[in-house]
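# Provided below for reference: sequence and predicted model.
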Amino acid sequence: RKEVEQDPGPFNVPEGATVAFNCTYSNSASQSFFWYRQDCRKEPKLLMSVYSSGNEDGRFTAQLNRASQYISLLIRDSKLSDSATYLCVVGDYKLSFGAGTTVTVRA
Amino acid sequence: GAVVSQHPSWVICKSGTSVKIECRSLDFQATTMFWYRQFPKQSLMLMATSNEGSKATYEQGVEKDKFLINHASLTLSTLTVTSAHPEDSSFYICSASRSQGWDSPLHFGNGTRLTVT
């Protein structure tokens, strides 16, 4: 079983829609959780850390469910510029990366 | 702005040659840097952990004699792909954290796209 698994998508959504997806992890001792955004052929960039209580940054909301060992990302009011691959990153000192979920927002 | 700089952004080389990639932390000292490789539509795979002043720690399956890592200063780590072959063609990315804490996010370099012909 992979350490971090994501639905690869793609999630094709119209502008203004809400899209949400999860990431499951296998190591119950994981302490760090992040969502990164990666544009085609570019480096990953930090979107947001994920805290136990859940957190929100503008149109983006992240949740952590330790019992079921997954984190989620919800994007509200999708913009064309949100089209990207979203990488789930989990671990502690050593981080593991998911393969990414591709989101395509269409006009 | 960028906090980790990587150079070059892309390189094309002939089979059998060696390629050096540099990773610099721009406004902080990084005792540890990480090197990853990413094939198309796949996740980043950690290749090695670069430790300033000591030997790098390589992940299982990564040949240390092929991927030479040097972390000679607190702001610079280099990865040299020796005797490159077409199967080494990939996207190589480095990263570093501002602090040692496990909750400190990674900052990535802009990546190096290596094509070996």
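Ah, there it is. Model, not experiment: these values are computed from the prediction. Numbers count the residues shown, from 1 in each chain, chains lettered A, B, ... in the order given.
# excluding its backbone neighbours, what's nearest the residue nearest to the spatial centre of chain B?
The centroid of chain B falls nearest to B:W35 when counting by CA atoms, centre = their mean (3.4 Å). Leaving aside its sequence neighbours, B:W35 sits nearest to B:M47 (CB to CB, 6 or more residues apart in numbering or on different chains; 4.7 Å). For the C-beta atoms, the positions are set from N, CA and C on the backbone; glycine is no exception.
# so where is chain B shaky, pLDDT-wise?
Applying pLDDT under 70 to chain B flags residues B:1-2, B:100-102.
# what about the residue nearest to B:W35, which SS state?
strand (DSSP: H, G, I helix; E, B strand; the rest coil).
# pull up the pairing partners for the one helix or strand the residue nearest to the centre of chain B maps to, direction included.
Assigned by DSSP states H and E, B:W35 belongs to strand B:32-38. According to DSSP bridges, strand B:32-38 has the following sheet partners: strand B:45-51 (antiparallel), strand B:90-96 (antiparallel).
# hmm, who's touching the first one?
Residues outside strand B:45-51 that contact it (CB atoms under 8 Å, 6 or more residues apart in numbering or on different chains): A:94-95, A:97, B:23, B:31-38, B:56-59, B:62, B:64, B:67, B:69, B:71, B:77, B:79, B:94.
# so what touches the next helix or strand after that strand?
Note on strand B:45-51: by DSSP H and E, the next helix or strand toward the C-terminus is strand B:57-58. With contacts defined as CB under 8 Å, 6+ apart, strand B:57-58 is touched by B:M47, B:A48, B:T49, B:N51, B:K64, B:F67.
# for B:F34, which residues make a bridge with it?
On the basis of DSSP bridges, B:F34 is bridged to B:T49, B:S95.
# and chain A, which residues reach chain B?
A:4, A:8, A:31-32, A:34, A:41-46, A:49, A:87, A:89, A:91-95, A:97-100 (CB under 8 Å from any CB of the partner chain).
# strands - which of the residues you listed land there?
A:V4, A:S32, A:F34, A:P44, A:K45, A:L46, A:S49, A:L87, A:V89, A:G91, A:L95, A:F97 (DSSP state E).
# rewinding a little: which one of the strands paired with strand B:32-38 is the most hemmed in?
Sort these by mean neighbour count, taking mean count of other CB atoms under 10 Å in any protein chain shown, and strand B:90-96 sits at the top with a mean of 24.
# so that strand versus strand A:44-49, what angle?
50 degrees (axes from the mean of the first three to the mean of the last three CA atoms, to 10 degrees).
# what residues does the very next helix or strand once past strand B:90-96 touch?
Sequence-wise, the next helix or strand downstream of strand B:90-96 (DSSP H and E) is strand B:107-108. When contacts are defined by CB under 8 Å, 6+ apart, strand B:107-108 is touched by residues A:43-46, B:3-4, B:25, B:93-98.
# export those as CSV, with columns for distance to A:N65.
Below are the contacts of strand B:107-108 laid out as CSV (distance: CB to CB, whole Å):
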residue, distance to A:N65
A:E43, 28
A:P44, 23
A:K45, 25
A:L46, 21
B:V3, 31
B:V4, 31
B:S25, 34
B:I93, 29
B:C94, 32
B:S95, 27
B:A96, 30
B:S97, 25
B:R98, 28
